[in-house]
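S.K.: Generate coordinates for the sequence data below:
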Amino acid sequence: MSERTVPRSADWQRIEALPRRRLDEGVAEEWARLMTRELLVPGARGKLRAWQGMALAELAAMRGLWGALPVGLGKTLILYLCYVLLEARRPVLVVPANLRDKTMSDFRSFIGVWRTPNPMPRILSREELALESNAGLLEAINPDVLGVDEADDLANRKSSACKRIDRLVMADDDLVVCMLTGTPSRKSILGYWHHLCWTLREGAPVPLRESEAITWAGALDEQRGPPAAQPGPMGRTQSEAREWYRKRLLETPGVLIVDGDSAGDVPLSVRVRYAHEDPTIDAHFATFLLENKNPAGIEVTDALTRWSMDAFLGSGYWQYYDPLPPQEWRDARRGFAALCRDAIEASERTAHPIDTELQVRRRFKAHPVVIAWERFAGYTPPTRVEWFSASALETAIAWIDEARTPAIIWCGGVAFAEALATATRLPYFGPKGRDQNGNGLHAARATNHIIVSWNANKKGFNLQAWERQSLFQPPTSAKWLEQMWGRVHRSGRFTPVHADVFATSGGTVDAFRSAFSEAGFARSTVSLTQKILRADIAYDTVRKTESNRFRWASRN
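M.R.: Below you'll find the model as predicted:
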């Protein structure tokens with residue numbers, strides 16, 4: 001039993017004393033009408049949705065907003081109008097890099113319908129914000145209103161981008177921050193704790209000190225075994241603590257959590273299907289599971305590599321270094337990574353904090369570890385993809401052939417997606433939301449099937465023109481499934497949506513099933529019921545034999 005307990009501290013008393021309000025859709029509708037009259041261009045046709053109006057009203061009243069809103073509710077318009085409402089003079093918007101073109105296109109579509117920010121916000125990507133060359137960019141711009149779309153991309157509070165925003169917020173008491181997300185966190189409140197502090201400061205319903213927030217996380221988070229901390233004043237059990245925390249969030253002004261599906265009552269049907277059988281794949285899985293070896297006979301030791309290898313083998317290929325990088329490179333990389341962790345952490349509260357690896361290399365250029373790593377500057381170990389089976393590709397091609405209407409094929413692996421695009425001559429939208437010809441996903445039309453990387457394009461895009469979708473190499477996260485399915489199953493959709501998740505191994509089945517516990521955590525702490533808990537889910541069965549039992553065995 002843990003000896004740590006959530007304290008009844010001064011910060012706890014501050015949080016308990018915060019005002020409470022109950023969200024009311026009727027009140028939200030009234031705010032939407034008022035905000036529409038205020039922000040719509042005279043003579044134009046447009047209407048804010050209830051929760052869009054409520055979000056803007058709360059932002060204006062609290063001078064900050066943290067919104068957890070269903071995928072497809074219209075967060076981009078909220079962010080566009082927040083600069084108008086607050087009369088921002090130095091507006092900045094942070095978005096994922098692959099959504100920059102889409103966001104600019106959306107903003108252009110608002111002109112002439114909604115009042116225009118003056119000046120228009122400067123759009124920065126999270127990746128751009130993290131660059132060494134942009135260490136002082138936010139301070140140089142000195143924004144008075146900072147908007148963040150897809151705020152969960154800033155979940156890692158130790159990242160360069162987060163540290164730079166944190167320094168900006170701490171240095172400017174007048175800065176207004178608006179952060180919106182459809183999927184706040186996977187398994188820990190620490191994924192968004194700092195967002196609440198940035199947006200609401202003393203009005204945040206969480207501790208302002210990181211050490212106390214970590215104790216809260218120990219009592220509330222999804223974890224193996226018993227909770228790492230006792231809930232103390234939150235309740236007697238973790239269940240009671242989560243209920244207390246959930247209500248405290250929901251009732252805090254400036255925190256807008258909408259539990260609902262933007263697609264309304266439109267059905268979402270999900271079918272878990274199995275890829276074609278193949279004795280070659282079966283044989284590789286037998287070697288992999290029994291001997292912990294990849295197809296080259298090299299032992300696979302770490303857990304992350306094992307999960308990746310499981311996904312690759314089930315899809316008919318494997319990736320490996322060719323040739324194997326020298327041991328000196330591996331040792332130097334390991335040593336430099338450790339130095340970076342220590343140096344960045346030690347500099348956090350100094351006058352000259354370090355945020356990036358490049359800063360470490362410059363500041364510690366005489367350090368033996370840096371010198372050893374610099375010997376390999378410019379060296380990237382070459383990788384090779386080796387295919388040994390086309391059965392998973394044939395499964396995808398057969399699914400495309402049976403789809404009666406244009407469909408989306410989501411792929412988790414680049415090699416698989418590229419091979420499928422080559423075999424079918426379909427456009428593949430990979431990094432930055434662009435296909436082989438440079439066309440943007442935001443401008444794609446549902447006149448044909450498309451292949452899409454879910455790693456790169458699971459957020460932001462409106463793909464509701466497509467009715468069917470399939471998924472190969474699925475993620476373990478309900479959060480990512482929510483985002484993917486939400487590209488199609490969203491507001492403005494009136495016909496049913498069908499999604500097929502293809503299992504290529506027992507590990508991929510486990511990955512899909514593990515998403516349910518994550519969705520349960522989101523529902524119990526943030527009161528968001530994700531699509532995986534709303535969907536009608538059916539499971540096909542596979543005939544297990546002596547030869548295929550290793551491929552389809554549960555990894556859990």
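
S.K.: how about low-confidence regions in this structure?
M.R.: For the chain, the stretches with pLDDT under 70 are 1-3, 349, 351.

S.K.: now with 80?
M.R.: 1-3, 224, 262-263, 301-304, 347-353, 355-356, 432, 555-556 (pLDDT under 80).

S.K.: I257 contacts R523, correct?
M.R.: No: in this structure I257 lies outside contact range of R523 using CB atoms under 8 Å: 11.3 Å. (C-beta placed from N, C-alpha, C; glycine too.)

S.K.: so which strand or helix has T541?
M.R.: Assigned by DSSP states H and E, T541 falls within no helix or strand.

S.K.: Next up, the contacts around the residue nearest to it when sequence neighbours are not counted.
M.R.: Excluding the flanking residues, the one nearest T541 by CB to CB, 6 or more residues apart in numbering is Y274, at 8.0 Å. By CB atoms under 8 Å, 6 or more residues apart in numbering, Y274 lies in contact with 502-503, 540-542, 552.

S.K.: swap in K459?
M.R.: With contact taken as CB under 8 Å, 6+ apart, K459 is in contact with 96, 99, 150, 153, 483.

S.K.: Check which helix or strand T508 maps to.
M.R.: Using DSSP H and E, T508 sits within helix 506-526.

S.K.: need the next SSE after that helix, C-terminal direction.
M.R.: The helix or strand immediately downstream of helix 506-526 is helix 531-534, counting by DSSP H and E.

S.K.: Which elements pack onto that next one?
M.R.: strand 268-274, helix 478-486, helix 506-526 (3 or more CB pairs under 8 Å, 6 or more residues apart in numbering; DSSP states H and E).

S.K.: go again using 7 Å as the cut-off
M.R.: With contacts taken as 3 or more CB pairs under 7 Å, 6 or more residues apart in numbering; DSSP states H and E, helix 531-534 sits against helix 478-486, helix 506-526.

S.K.: helix, strand or coil for V488?
M.R.: Following DSSP: H, G, I helix; E, B strand; the rest coil, the label given to V488 is coil.

S.K.: again with the one 10 residues further on
M.R.: Reduced to three states with three-state DSSP, the structure at H498 is strand.

S.K.: All the helices of the stretch 251-400 of the chain, in order from the start?
M.R.: Ranges of helices within the stretch 251-400 of the chain are 279-291, 303-315, 327-346, 357-363, 368-374, 391-402, based on DSSP state H, counting those that start in this stretch.

S.K.: Would you check how far apart M309 and R246 are?
M.R.: 38 Å (CB to CB, to the nearest Å).

S.K.: who has more neighbours, these two?
M.R.: M309 (23 against 18; other CB atoms under 10 Å).

S.K.: Quick check: that one vs Y245, distance?
M.R.: 38 Å.

S.K.: do the same with R363
M.R.: From R363 over to Y245 the distance is 40 Å, taken as CB to CB.

S.K.: OK, contacts around the closest residue in space to V27 that isn't next to it in sequence?
M.R.: Nearest non-adjacent residue to V27, counting by CB to CB, 6+ apart: M54, 7.2 Å away. Listed by CB atoms under 7 Å, 6 or more residues apart in numbering, the contact set of M54 reads 28, 31, 256.

S.K.: Okay, and M54 sits in which element?
M.R.: For M54, the host element (DSSP H and E) is helix 50-62.

S.K.: Show residues contacting the next helix or strand after that helix.
M.R.: Under the assignment DSSP H and E, the closest C-terminal helix or strand after helix 50-62 is strand 65-68. Contacting residues not belonging to strand 65-68 are listed as 55, 58-59, 178-181, 184, 195-196, 199-200, 254-257, 526, 528 [CB under 7 Å, 6+ apart].

S.K.: is it true that I409 lies in a helix?
M.R.: No: assigned with three-state DSSP, I409 falls outside any helix and is strand.

S.K.: Distance of it relative to L471?
M.R.: For I409, the distance to L471 - CB to CB - is 8 Å.

S.K.: E210 and C178: what is the separation?
M.R.: Relative to C178, E210 is positioned 23 Å away (CB to CB).

S.K.: Which one's more surrounded, the two?
M.R.: C178 (29 against 13).

S.K.: Now name the helix or strand holding that one.
M.R.: strand 176-181.

S.K.: So which elements touch the helix or strand following that strand?
M.R.: Sequence order places helix 193-200 as the next helix or strand after strand 176-181, per DSSP H and E. Applying 3+ CB pairs under 7 Å, 6+ apart, we find helix 193-200 packed against strand 65-68, helix 160-171, strand 176-181.

S.K.: Determine how far the last one lies from the middle of the whole chain.
M.R.: What it means is strand 176-181. With CA atoms, centre = their mean, to the nearest Å as the basis, strand 176-181 stands 16 Å off its chain's centre.

S.K.: Tell me the strands beside it, with direction?
M.R.: Paired strands of strand 176-181, with direction, are strand 65-68 (parallel), strand 145-148 (parallel) (DSSP bridges).

S.K.: how about TSV for these, with mean neighbour count and distance to P431 added?
M.R.: Conversion of those to TSV gives the following (neighbours: other CB atoms under 10 Å; distance: least, CB to CB, whole Å):
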stretch	mean neighbour count	distance to P431
strand 65-68	28	27
strand 145-148	26	21
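
S.K.: who wins for proximity to A511 among those strands?
M.R.: Ranking those by their distance to A511 (criterion: CB to CB) puts strand 65-68 first, at 24.3 Å.

S.K.: hmm, back to that, may I see the ChimeraX selection of the buried members of the contacts of M54?
M.R.: To isolate the buried ones among the contacts of M54 in ChimeraX, judged by 16 or more other CB atoms under 10 Å, type:
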select :28,31,256
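
S.K.: possible to save the contacts of M54 as TSV with distance to D278?
M.R.: Formatted as TSV, those follow (distance: CB to CB, whole Å):
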residue	distance to D278
A28	53
W31	57
L256	49
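
S.K.: which residues does the nearest residue to V94 once chain neighbours are set aside contact?
M.R.: Among residues not flanking V94 along the chain, V148 sits closest, at 4.7 Å (CB to CB, 6+ apart). Taking CB under 7 Å, 6+ apart as the contact definition, V148 lies against 94, 154, 179.

S.K.: Would you check how far apart the residue lying closest to the last one once chain neighbours are set aside and A407 are?
M.R.: Think M179. Nearest residue to M179, sequence neighbours excluded (CB to CB, 6+ apart): A151, at 4.0 Å. Remark: distance between A151 and A407 (CB to CB) = 30 Å.

S.K.: Who has more neighbours out of those two?
M.R.: A151 (27 against 23).

S.K.: Number of residues surrounding A403?
M.R.: 19.

S.K.: I figured it hits R468, correct?
M.R.: Yes: judged on CB atoms under 7 Å, A403 makes contact with R468 at a distance of 5.3 Å.

S.K.: quick one: secondary structure of T476?
M.R.: Recorded secondary structure, T476: coil (three-state DSSP).

S.K.: could you list every residue that touches it?
M.R.: With contact taken as CB under 7 Å, 6+ apart, T476 is in contact with 511, 514-515.

S.K.: Of these, keep whichever come out buried.
M.R.: 511, 515.

S.K.: Dump the contacts of T476 to TSV, plus distance to A303.
M.R.: Formatted as TSV, those follow (distance: CB to CB, whole Å):
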residue	distance to A303
A511	13
S514	14
A515	18
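
S.K.: Which one of the contacts of T476 is nearest to V113?
M.R.: Among the contacts of T476, A515 lies closest to V113 (CB to CB), at 37.7 Å.

S.K.: Which residue lies closest in space to that closest one, excluding its sequence neighbours?
M.R.: Nearest residue to A515, sequence neighbours excluded (CB to CB, 6+ apart): A478, at 3.9 Å.

S.K.: Which residues are in contact with the one you found?
M.R.: Contacts for A478 were tallied using CB under 7 Å, 6+ apart; they are 515, 518-519, 522, 530, 532.
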